[in-house]
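Chemist: My questions concern the predicted model and sequence given below.
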Amino acid sequence: MSYWIDQGKVDALKYTFPYLKVYKYKDVVSVEIDTKHLKDFLTFLKEDPAYSFRMFIDFTVVDHYPSTPRFEAVYILFSPHYKQRIIVKSWIEGDSLPTATDLWKGAKWAEREAWDMFGIKFDGHENLVRIFLWEGYPYFPLRKDFPKEGIKEVYLPSLNERENIPSHDYDPYHTPIPTLEDLEKTQKRRIDKKNQIVLNWGPLHPGTHGTIWFMFDMEGETIKECDIILGQLHRGIEKLAEDLTYTQVIPYTDRMDYISAICSNVTYVNAVEKLLGVDPPEKAKWIRTMLCELQRINSHLLWLGTTALDLGALTMFLYTFREREKLMDIIEGIAGIRLNSSFMRIGGVRYDLPEGAIDIVEKFIEDFPSRVRDYEDLLTKNRIWMKRNREVGIVSEEDVYQYGLTGVMARSAGVPYDIRYIQPTDAYAEVDFEIPLGTIGDAYDRYLIRIEEMKQSVKIVHQCVDRLKRMKNDRYVATDNPYVLPTLQETYLSIESMVKDFNLRIYGEQAPLGEVYLSGENPRGELGFYIVSKGEGKPYRLRIRSGAFYNLQAFPELIRGKTVADAVALLGSIDPVVGETDR
Amino acid sequence: MVKLKFLDRPKLSIWERIIFLDFIKGLRVTFKNLIRKTITTKYPYEKLTPPKRFRGVHAHRVKDGNEPLSFSVLGKFMEIGYDESRCVACYMCQQACPMPTLFKIEAVQLPDGKKRVTKFEMNLLNCLYCGLCVDACPVDCLIMTDVYESASYNRENCVIKMDDMSDRGRDFDRRRLKEKDRIWIDNEERTKLWGQIRWT
Amino acid sequence: MEILGTVIGVAVKSLIFIVGMFLASAYLTLIERKFAGHVQQRPGPLHVGFHGILQPIADALKVLTKEDIVPANVDRVLFYMASLLAFVPVIMILAVIPFGEPFTVFGLEIKPYITDLNVGLILALAFGSISIYGVIFAGWASNSKYPMIGGLRKAAVLIGYEVALGFAMVGPLMMAGSFSLREIVAAQDGFFGAFIWYQPIAFIVILFAILAETGRTPFDVQEAEAELVSGYNTEYSGMKFGLFPLAEWYIGTFVLSAIAVILFFGGWKGPEIFGPLSPFVWFFLKVGMMFMFFLWVHWTLPRYRVDQITEIAWKVMLPLSLLNIFITAFIILIKG
């Protein structure tokens, strides 16, 4: 079953819009329309009941330098009613495009990002300012003519004043860095003071869990206006990926959502596998599913601990970290590193499960439910917890579609949007579990959902363990596929494998021409990879659709009229990870 | 099969409210943990043994008779003595690395036509510890060890050189080469957190 | 001559009380850290001395020798005054707290309290109220946004709970018929004479009020670190910073626990199983239990939002304490 728009509907679309071009790669359907009709077409897709692509997933731009027209806009939309996706593309004439923010509020930040990274202007956008970089930054870094290492024009003497210059490759010249005036200008562009005080909440603040910079325009303790400055952790992973082979991107996906690295790995690897047409062996799929679910528990535990800590329940933090430590032990034992595991490989996993792994996972899932009971005793029915979380940040179904909220945010509003359910990858199609849904959509619902998801994850891990016990000696990586790197043992023993290994390492996986969008259910929402391949060994454009980025976008709207104390509760319940919002 | 489930929101009844049952439940949990044993590993006095797969500081395996088959092919052209690093200067680690500039590898041609590696440096400040270089090494030379205390007062010290890599490799092989590929060594420190595990 | 003797006696006693309280509060931090540690399944301070027994001293040395930063834009007078204002009144409450009945050693009569005023309790309340100025001044003088919000929050909380606390204390006072803390203790006879059995509502209100006054967890909005970094003491450093938690979390909690013990648990009364030291042992045991109880609550519960706290103060606690006064008065009337 395909999760993309079906042929019949595409034909009907072509009938209504005769100048439409349709492309298909595997099951990914993309349609191309000229800029003049783009807005009408998007409105039609959204409004027409036969299509009703009401949910905004992603917007991005691809730079086809040096061809003209140069930029291509890409919209990814989802129809909640038909559970179908579509990619709408359009070549940008000149450097401006009509804004889509009046159709989907979620386009606001995505368009700002396109302006920031590609210099595309959007007519009608309410506040088109940079999003990751600061005001006054002269370049558009994701353009193809911008060098990967940046334009080094600022002399930073501090690196050279030292007696021994650090190590072998430090350059005293550096890409521009923002000055204090730049930051002030950035701040002024985002929010103007209309009320009593503007509280800068961040960039380094214990409540923001990372480096996000919130600005609250407050009347007393009530927040009247809010804006967010992102980008303190922006590392340009999308840019870096354009210069790396598909395998080399894997460690970078760890660093996006560092709290659930394995989930990001798996999603990326699945997307690349779809592009290359690699089918991983059954055992690898089950290992992936098991690790993903363990990682989901891990991530939810971190969320529970830090949110409780923010709301004052200090001990909770250590209790969740105790269980998280066990999960870290498991992941360390299987993958080799606790946090940034890089365990997935295209076509499978890096190693087979080590001896004893299953025993330990079993031990963990045996204890864990009683620990969850403890957490629930501490919080669920606690009157303070209820008072702090109820009625905070109520998300409606319409908000979910407008902002492209995914993950727990969407499910708290009762929208059954779970990638594991609508587009199962790996072994998710074969396991039994329940998807918890909220009824009101406030922070308390999100708390209940996350607790329930932990229980469900345990259930999934049980099934994975049962299955993996029966697959002791199966293959864990599909090395017979020409795109898959051979294992070390194979390289040692056969010259063909060695040559294949050399080729893949040096030239990369020569992916066929095409584009692919695949997403996975990260603990933080839908993490999607949109990969454009031009037949080279590295991605031409890798767009990362981050769940946390879109979820966070609803924050200014949800916090209006609440107090600072609610901001903590709300931010906790959105659970963004800055590594993923900034990428 | 995937099922959807709407969660009901628990409520406090009036009695639970008056006798503070919610607080008492919470206090019970904290008290229960108060009388439990502590689980802290008192680093640096006590240390956990990392699993064999642990991806710590890099090392070079030396020529010690355990070389894989591929070494006989690639090592033919190399001037490598016994107990010296197996590196054949194939540059595959650098190719595989997402951050290739961290490697500095140099080899010279000797008069007899054989090659000899003169320099193998890694700037660990730029390292992602992803292990792709280890996967790429065709002669089982470059490995990652269980050494994780790599902090240093000086950036220069974070560049590891071939000699100390060989030393580290020798040391690692001496300690752990024979060990089975096991999730971790079950010692007392682990038991503190985990309790007893039934191994199959 | 007699006056001089009294003055010297009081001065010596005050000195002992203050120094003792300082040391005690230092070790209360250790108790808290150990308690918090074990609640969270970690050992707490461990390496300075046997099981961290010297940790408070090391901490004190550290705090005292730390660089004392005064930010450029602060109101210097208030900034310095604030930490003293938070600290001194709390320790002054000790003046009216009796630790036991007078006793004679070597023919010398020693009173284990500094004064026995007949308005002792009111004085204690008054000093408690003054210490709020410390927090508010700290918030204002820092000339920074987080401290100011923190200070104002604390002011809002305290205004509510001072009232409730005052009214809640009326119940035991009516039963004892005196403001003198010694006489209140004297009025509670035997195990079932303790006022806790007759004044449970007042006790609950006072528990909440003590938590709010000392800024312990369900009510620690003034320094809610996730929202306000560190609240009113964000800009403080060194010993000036150290005095705030010392005053609020340790001395404040300890002293108020002592008052609660005197009001509800019969003070130093208890079976004489520890010989002549029995009253002291009982008193400190009870205060210690009370203190531990506050720690236990602190390390278990999440935190209220500031408007919810004041809401509880005015809508629940105040009516409850008033109701308690009525009931008590009614019963006293009937019983005669």
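Modeler: Sure thing, it's come through.

Chemist: mind checking which helix or strand the residue in the stretch 1-150 of chain A that chain C sits nearest to is in?
Modeler: Proximity to chain C, evaluated over the stretch 1-150 of chain A using CB to the nearest CB, is greatest for residue A:134 at 22.7 Å. In short, each C-beta sits where N, CA and C put it, glycine included. Counting by DSSP states H and E, no helix or strand carries residue A:134.

Chemist: list the contacts for it?
Modeler: A:178, A:182-183, A:185-186, A:231 (CB atoms under 8 Å, 6 or more residues apart in numbering or on different chains).

Chemist: now do 10 Å
Modeler: A:116, A:176-179, A:181-187, A:189, A:229, A:231 (CB atoms under 10 Å, 6 or more residues apart in numbering or on different chains).

Chemist: Mind pulling the model confidence for it?
Modeler: We note a pLDDT of 85 for residue A:134 in this prediction.

Chemist: Quick check on it: phi, psi?
Modeler: phi -100, psi 160 (degrees, to the nearest 10).

Chemist: Then residue A:22?
Modeler: Here is the backbone geometry of residue A:22 (degrees, to the nearest 10): phi -120, psi 130.

Chemist: Please export the C-alpha coordinates of stretch A:324-340 as PDB.
Modeler: C-alpha atoms of stretch A:324-340 as PDB (Å, rounded to 0.1, in the frame of the first residue of the first chain):
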ATOM      1  CA  ARG A 324      18.000   5.900  31.400                       C
ATOM      2  CA  GLU A 325      21.400   4.800  32.500                       C
ATOM      3  CA  LYS A 326      20.400   1.200  32.000                       C
ATOM      4  CA  LEU A 327      19.200   2.000  28.500                       C
ATOM      5  CA  MET A 328      22.500   3.700  27.900                       C
ATOM      6  CA  ASP A 329      24.300   0.700  29.100                       C
ATOM      7  CA  ILE A 330      22.300  -1.400  26.600                       C
ATOM      8  CA  ILE A 331      23.000   0.900  23.700                       C
ATOM      9  CA  GLU A 332      26.600   1.200  24.700                       C
ATOM     10  CA  GLY A 333      27.000  -2.500  24.800                       C
ATOM     11  CA  ILE A 334      25.300  -3.000  21.400                       C
ATOM     12  CA  ALA A 335      26.500   0.100  19.500                       C
ATOM     13  CA  GLY A 336      29.700   1.100  21.300                       C
ATOM     14  CA  ILE A 337      28.700   4.600  22.300                       C
ATOM     15  CA  ARG A 338      26.100   5.700  24.700                       C
ATOM     16  CA  LEU A 339      24.700   8.800  23.000                       C
ATOM     17  CA  ASN A 340      25.800   9.200  19.400                       C
END
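
Chemist: would you list every one of the strands in chain B?
Modeler: In chain B, strands defined by DSSP state E lie at B:2-6, B:58-60, B:103-109, B:115-123, B:142-144, B:159-160, listed in chain order.

Chemist: Could you single out the most deeply buried of these?
Modeler: Counting by mean count of other CB atoms under 10 Å in any protein chain shown, strand B:58-60 has the highest mean neighbour count of the strands of chain B, with a mean of 25.

Chemist: So in chain A, which helix runs the longest?
Modeler: Across chain A, the helix with the greatest residue count (assigned by DSSP state H) is helix A:282-310.

Chemist: Show me which positions of it end up buried.
Modeler: Within helix A:282-310, the residues scored as buried using 16 or more other CB atoms under 10 Å in any protein chain shown are A:283-310.

Chemist: Now do that helix, average pLDDT.
Modeler: 89.

Chemist: what about that helix, near chain C?
Modeler: Yes - using CB under 10 Å from any CB of the partner chain, we find that helix A:282-310 touches chain C at A:306-310.

Chemist: Which of those residues sits closest to residue A:471?
Modeler: The closest of the residues of helix A:282-310 next to chain C to residue A:471 turns out to be residue A:306 (CB to CB; 36.3 Å).

Chemist: how near is the residue of the stretch 1-150 of chain A closest to chain C to residue A:183?
Modeler: 6 Å (CB to CB, to the nearest Å).

Chemist: Give the residues shared as contacts by those two.
Modeler: Counting by CB under 10 Å, 6+ apart, the contacts common to residue A:134 and residue A:183 are residue A:229.

Chemist: what residues are up against residue A:254?
Modeler: A:260-262, A:264-265, A:268, A:337, A:339-344, A:579, B:128-130.

Chemist: Would you mind confirming that residue C:170 makes contact with residue C:332?
Modeler: No - between residue C:170 and residue C:332 there is no contact under CB atoms under 10 Å: 11.7 Å.

Chemist: Neighbour count: the two, which is higher?
Modeler: Neighbours per residue (other CB atoms under 10 Å in any protein chain shown) separate residue C:170 from residue C:332, with residue C:170 holding more: 18 against 12.

Chemist: Secondary structure class of the more buried one, three-state.
Modeler: Secondary structure state of residue C:170, per DSSP: H, G, I helix; E, B strand; the rest coil, is helix.

Chemist: ok, and the closest residue to residue A:520 other than its chain neighbours, which helix or strand is that part of?
Modeler: Distance criterion CB to CB, 6 or more residues apart in numbering or on different chains; nearest residue to residue A:520, sequence neighbours excluded, is residue A:267 at 3.2 Å. Element membership of residue A:267 [criterion: DSSP H and E] is helix A:261-276.

Chemist: could you dump that helix to PDB, C-alpha only?
Modeler: Only the C-alpha atoms of helix A:261-276 are listed here, as PDB (Å, rounded to 0.1, in the frame of the first residue of the first chain):
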ATOM      1  CA  ALA A 261      20.200   9.300  17.900                       C
ATOM      2  CA  ILE A 262      19.200   5.800  16.900                       C
ATOM      3  CA  CYS A 263      15.700   6.900  15.700                       C
ATOM      4  CA  SER A 264      17.300   9.600  13.500                       C
ATOM      5  CA  ASN A 265      19.800   7.100  12.200                       C
ATOM      6  CA  VAL A 266      17.100   4.600  11.300                       C
ATOM      7  CA  THR A 267      15.000   7.200   9.600                       C
ATOM      8  CA  TYR A 268      17.900   8.500   7.500                       C
ATOM      9  CA  VAL A 269      19.100   5.000   6.600                       C
ATOM     10  CA  ASN A 270      15.600   4.000   5.600                       C
ATOM     11  CA  ALA A 271      15.300   7.100   3.300                       C
ATOM     12  CA  VAL A 272      18.600   6.300   1.700                       C
ATOM     13  CA  GLU A 273      17.700   2.600   1.300                       C
ATOM     14  CA  LYS A 274      14.500   3.700  -0.400                       C
ATOM     15  CA  LEU A 275      16.500   5.900  -2.700                       C
ATOM     16  CA  LEU A 276      19.000   3.200  -3.500                       C
END
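
Chemist: dump the residue contacts of residue A:244.
Modeler: Counting by CB under 10 Å, 6+ apart, the residues that residue A:244 touches are A:148, A:237, A:250-252, A:508, A:537-539, A:542, B:97-100.

Chemist: between those residues, which is closest to chain C?
Modeler: residue A:237 (28.6 Å).

Chemist: Neighbours of that closest one, how many?
Modeler: 19.

Chemist: who's in contact with it?
Modeler: Counted by CB under 10 Å, 6+ apart, residue A:237 has contacts A:244, A:249, A:252-253, A:255-256, A:542, A:544, A:579-580, A:582-583.

Chemist: how about CSV for those, with secondary structure, pLDDT and distance to residue C:106 added?
Modeler: Formatted as CSV, those follow (DSSP: H, G, I helix; E, B strand; the rest coil; pLDDT from 0 to 100; distance: CB to CB, whole Å):
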residue, secondary structure, pLDDT, distance to residue C:106
A:244, coil, 87, 86
A:249, helix, 88, 84
A:252, helix, 89, 80
A:253, helix, 88, 79
A:255, coil, 86, 74
A:256, coil, 86, 76
A:542, strand, 88, 87
A:544, strand, 89, 82
A:579, helix, 84, 71
A:580, helix, 85, 74
A:582, helix, 83, 74
A:583, coil, 81, 78
